[in-house]
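*Asks:* what follows is a protein structure lacking sequence information:
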Ligand code: NZQ
Ligand code: ZN
């Protein structure tokens, strides 16, 4: 087991009515004026926004709404939010939605607490430990941004086209996360499935490392993966299945708050591959991962077939072939592909609706490799040429 730090300060307020508690939560911390930051119209159509406003008013908190976040949130919109916060003397940002609204809120908070150009932060030219206070209300079980240290934005750069990049620091873990599984009842099926796949991937990216003797982390991971494997289908079959929605929502946080990565070192290669697809084609995040994971897996499993065989047995119930663990490993990858298909997720780029040209493949491979200084992947190191091959074979 590797040395590790585990820091998870976010207060989780979980269950029915959680969103009505945000006013008291913010007031108890002494804040006075809130920006409520969100995406489209489902919040007002479903009455959730009214309940949030009511909770703030009851607690004596002033607020300003700032909507318009899009999936794969844009830095240009974040900058508008920073300007609005300054104009309105906002002292707390409440993100309401999924990873996009919450990450956009975190990015605004970085902008409020620092003087540099935010683009420099996300392209790695500067760092910070300063951020304005953020809380959130989660409406989709997916990214785990509500308790994660990560902020992911899409940047229309001055010199490198569109980049999707993250900045990771513990200061970005929200002060609280209000999580009412009922709020996820209105999700389109595609988002339920994409979110479920992303939850799986956050643990799988951590699970597929070369770390040894991480039995507890492995068993926690396998328990989470089996739960999500079984629960996404239940939520799709009955969108108002509270227990399925609740298990998914809690799994989303636990899968990306660092718990399943304790004792291991990882670098999320499939996320880096998927982020380039989202930057170039605006692909939905979870779907960009299912479209490429199996190709990545088939490219790298020989670096540690036993690891993939264990995944096959423990997560998908594949029978272990003692004489040929590579066969078991491949059967596990195929089981994952069948699971993705069963919930309507793509397993190829064509199914994802993104068919890059050869020039686009080269560009995505170069940008993905550059996030690791030329190579990514600690389970199996990949350079630009390897990454281009993965994009090609995933077609
Ligand atoms: O745009 P709005 O109106 O918010 O609608 C959203 C959006 O269209 C809709 N939606 C969300 N909750 C709903 C709902 N529709 C009806 N009822 C509800 N209850 O669903 C769509 C997708 O929302 P989005 O926030 O984009 O989804 P998700 O949570 O999957 O977030 C994806 C973003 O998070 C980043 C991704 O890269 C992507 O930019 N990630 C953030 C991470 C983090 N901060 O830790 C880690 C992840 O790996 C990921 O990279
Ligand atoms: Zn993800």
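*Replies:* Done, it's in. Remember, it's a predicted structure, so these values are computed and weren't measured experimentally. Numbering: from 1, shown residues only. Ligands and ions are numbered 1, 2, ... in the order given.
*Asks:* now do the buried residues in stretch 204-223.
*Replies:* Of the residues in stretch 204-223, 204-209, 211, 214, 217-218, 220-223 count as buried by neighbour count, 16 or more other C-beta atoms under 10 Å. (C-beta placed from N, C-alpha, C; glycine too.)
*Asks:* could you do stretch 141-154 as well?
*Replies:* For stretch 141-154, a neighbour-count test (16+ other C-beta under 10 Å) marks 141-154 as buried.
*Asks:* so how far is that stretch off the chain centroid?
*Replies:* Stretch 141-154 has its C-alpha centroid displaced from the chain centroid by 5 Å (C-alpha atoms, centre = their mean, to the nearest Å).
*Asks:* just stretch 58-66 next, same as before
*Replies:* 28 Å.
*Asks:* is ligand 1 within reach of the longest helix along the chain?
*Replies:* For the chain, the longest helix by residue count, based on DSSP state H, is helix 215-237. No: shown here: helix 215-237 not in contact with ligand 1 (C-beta under 6 Å from any ligand atom), separated by at least 11.9 Å.
*Asks:* that helix: how far from the chain's middle?
*Replies:* That offset, for helix 215-237, works out to 16 Å (C-alpha atoms, centre = their mean).
*Asks:* for stretch 355-374, same thing?
*Replies:* That offset, for stretch 355-374, works out to 21 Å (C-alpha atoms, centre = their mean).
*Asks:* could you do stretch 343-363 as well?
*Replies:* The answer for stretch 343-363 is 20 Å, by C-alpha atoms, centre = their mean.
*Asks:* pull up the distance across that stretch, start to finish.
*Replies:* 31 Å (C-alpha to C-alpha, to the nearest Å).
*Asks:* and that stretch, what's buried?
*Replies:* Applying a neighbour-count criterion of 16+ other C-beta under 10 Å, one finds 343-349, 351-352, 354, 356, 360-363 buried in stretch 343-363.
*Asks:* which of those lies closest to residue 129?
*Replies:* residue 363 (33.0 Å; C-beta to C-beta).
*Asks:* packing partners of the one helix or strand that closest one maps to?
*Replies:* Assigned by DSSP states H and E, residue 363 falls within helix 358-370. When contacts are defined as 3 or more C-beta pairs under 8 Å, 6 or more residues apart in numbering; DSSP states H and E, helix 358-370 sits against helix 269-281, strand 375-376, helix 384-393.
*Asks:* okay, those, which one's buried deepest?
*Replies:* Most buried of the helices and strands packed on helix 358-370, by mean neighbour count (mean count of other C-beta atoms under 10 Å): helix 269-281, with a mean of 24.
*Asks:* anything in the very next helix or strand once past it near ligand 1?
*Replies:* The element immediately downstream of helix 269-281 (helix or strand, assigned by DSSP H and E) is helix 285-300. Yes: Helix 285-300 lies within reach of ligand 1 by C-beta under 6 Å from any ligand atom, at 285-286.
*Asks:* name the residues of the very next helix or strand once past helix 285-300 that are buried.
*Replies:* Following helix 285-300 in sequence order, the next helix or strand is helix 305-316 (DSSP H and E). For helix 305-316, the buried set under the neighbour-count rule, 16+ other C-beta under 10 Å, comprises 305, 307-316.
*Asks:* show me what the following helix or strand past helix 305-316 is packed against.
*Replies:* Where DSSP H and E defines the elements, the next helix or strand beyond helix 305-316 is helix 325-342. Applying 3+ C-beta pairs under 8 Å, 6+ apart, one finds that helix 325-342 contacts helix 285-300, helix 305-316.
*Asks:* helices and strands around the following helix or strand past helix 325-342, which ones?
*Replies:* Where DSSP H and E defines the elements, the next helix or strand beyond helix 325-342 is helix 349-352. Using 3+ C-beta pairs under 8 Å, 6+ apart, the elements in contact with helix 349-352 are helix 269-281, helix 285-300.
*Asks:* could I get those helices as CSV with distance to residue 70 and mean pLDDT?
*Replies:* Listed next are the helices and strands packed on helix 349-352 as CSV, based on distance: least, C-beta to C-beta, whole Å; pLDDT from 0 to 100:
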stretch, distance to residue 70, mean pLDDT
helix 269-281, 12, 97
helix 285-300, 12, 98
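*Asks:* which one, of those, ends up nearest to residue 190?
*Replies:* Each of the helices and strands packed on helix 349-352 has some distance to residue 190 by C-beta to C-beta; the shortest is helix 285-300, at 7.7 Å.
*Asks:* for the stretch 201-350 of the chain, which residues are neighbours of ligand 1?
*Replies:* 256, 271, 285-286.
*Asks:* the residue in the stretch 201-350 of the chain that ligand 1 sits nearest to: what's it in contact with?
*Replies:* Nearest to ligand 1, among the residues of the stretch 201-350 of the chain, is residue 285, at 3.8 Å (C-beta to the nearest ligand atom). Residue 285 makes contact with 71-72, 99, 142-143, 194, 198, 274, 278 under the criterion C-beta atoms under 8 Å, 6 or more residues apart in numbering.
*Asks:* repeat that for 7 Å
*Replies:* 99, 194, 198, 274, 278 (C-beta atoms under 7 Å, 6 or more residues apart in numbering).
*Asks:* in this structure residue 375 contacts residue 384, no?
*Replies:* No: between residue 375 and residue 384 there is no contact under C-beta atoms under 7 Å: 8.5 Å.
*Asks:* list residues touching both of those two?
*Replies:* Common contact partners of residue 375 and residue 384 (C-beta under 7 Å, 6+ apart): residue 369.
*Asks:* tell me the strands beside the helix or strand hosting residue 136, with direction?
*Replies:* For residue 136, the host element (DSSP H and E) is strand 134-138. Partners of strand 134-138 in the sheet, by DSSP bridges, are strand 92-97 (parallel), strand 176-179 (parallel).
*Asks:* ok, and what's touching the first one?
*Replies:* Applying C-beta under 7 Å, 6+ apart, the external contacts of strand 92-97 come out as 22, 26, 31, 34-39, 43, 52, 69, 101-102, 104-105, 108-109, 132-137, 139.
*Asks:* what about those residues, which are in helices?
*Replies:* Counting by DSSP H, those place 22, 26, 43, 52, 101-102, 104-105, 108-109 in helices.
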